[in-house]
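Undergrad: what follows is a predicted protein model with its sequence.
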Amino acid sequence: MTETLIPFLLAVLALLILPGPDMAFVLANGIAYGRRGAFYSALGISAGGLVLAIAAALLVAATLAISPSALLALQLAGCLYLLYIAMRTILPRVGPADTCAPAPTSGNLFLRGAVTNISNPKALIFFSAFIPQFIPDDAAGPALHAFLLGALLCSVGGAVNFAIGASGTLFSGLNRHGLLGRSWSQWIVFAVFVSISIAFATQAVARG
């Protein structure tokens with residue numbers, strides 16, 4: 001399990017330093033409501049992530065129920081999606097950037113964070129593509145393993161999001177422009193996701 005856990009944590013940390021809607025959400029509410037706003041915003045996002053982790057685990061279970069080889073197809077599709085994310089990270093964006101305004105009251109920060117995460121179809125697709133790549137071949141319960149990885153992702157993400165929202169400066173250096181007009185965090189995510197996609201696709205094909 002350690003063989004997949006360490007790459008999983010490294011990939012999660014690389015993903016979390018990339019600016020996005022979640023980071024914008026906790027940062028805006030951290031500025032507006034202080035540490036309390038950042039805490040409940042991050043907690044809500046993590047709670048929404050747990051729902052997505054359950055959905056990803058059910059998808060793995062359903063895939064295995066159809067055929068053990070169907071999990072291979074799911075993993076290969078996930079590799080292609082991760083490669084797509086890597087390319088989108090460094091390619092110019094078309095259209096308005098994602099924005100997330102601060103919550104009007106502190107009482108609904110948790111709920112808004114959870115709903116925002118759950119209602120984002122891209123988040124569910126990401127969970128379904130990302131998590132199955134790190135399920136070991138000898139896992140006794142692949143679906144349970146998928147959920148535990150999702151829960152770990154949410155826990156680490158909650159801690160990092162809170163730190164970003166509370167401080168407003170964490171990883172700011174990595175988000176400055178670095179190479180070819182892209183920030184260092186974008187290049188880190190690109191390199192990590194391309195590596196994951198190629199490595200896991202190769203392993204999946206070899207197993208198949």
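TA: Sure thing, it's come through. Numbers count the residues shown, from 1 in each chain.

Undergrad: CA only for contacts and neighbour counts going forward, please
TA: Will do.

Undergrad: mind listing what's buried in the helix or strand encompassing Ser195?
TA: Secondary structure assignment for Ser195, by DSSP states H and E: helix 184-207. For helix 184-207, the buried set under the neighbour-count rule, 16 or more other C-alpha atoms under 10 Å, comprises 184-198, 200-201, 204.

Undergrad: which residues of this structure fall in helices?
TA: In chain order, the chain shows helices spanning 2-16, 21-66, 68-90, 109-118, 121-130, 142-167, 184-207, with DSSP state H as the criterion.

Undergrad: so which of these gets nearest Pro136?
TA: Nearest to Pro136 among those is helix 2-16; the distance by C-alpha to C-alpha comes to 7.0 Å.

Undergrad: helices and strands around the closest one, which ones?
TA: On a contact count with 3 or more C-alpha pairs under 8 Å, 6 or more residues apart in numbering; DSSP states H and E, helix 2-16 meets helix 142-167, helix 184-207.

Undergrad: tell me the angle the first one makes with helix 2-16.
TA: Spelled out, that is helix 142-167. Interaxial angle, helix 142-167 versus helix 2-16 (axes from the mean of the first three to the mean of the last three C-alpha atoms, to 10 degrees): 40 degrees.

Undergrad: quick one on the thing from earlier: could you dump the helices of the chain to a markdown table with mean pLDDT?
TA: Below are these laid out as a markdown table (pLDDT from 0 to 100):
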| stretch | mean pLDDT |
| --- | --- |
| helix 2-16 | 80 |
| helix 21-66 | 86 |
| helix 68-90 | 80 |
| helix 109-118 | 83 |
| helix 121-130 | 81 |
| helix 142-167 | 90 |
| helix 184-207 | 75 |
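
Undergrad: turn those helices into CSV, columns for distance to Pro136.
TA: Converted to CSV, those look like this (distance: least, C-alpha to C-alpha, whole Å):
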stretch, distance to Pro136
helix 2-16, 7
helix 21-66, 13
helix 68-90, 12
helix 109-118, 27
helix 121-130, 13
helix 142-167, 8
helix 184-207, 11
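
Undergrad: quick revisit: just checking, what packs against the helix holding Ser195?
TA: So helix 184-207, by 3+ C-alpha pairs under 8 Å, 6+ apart, packs with helix 2-16, helix 68-90.
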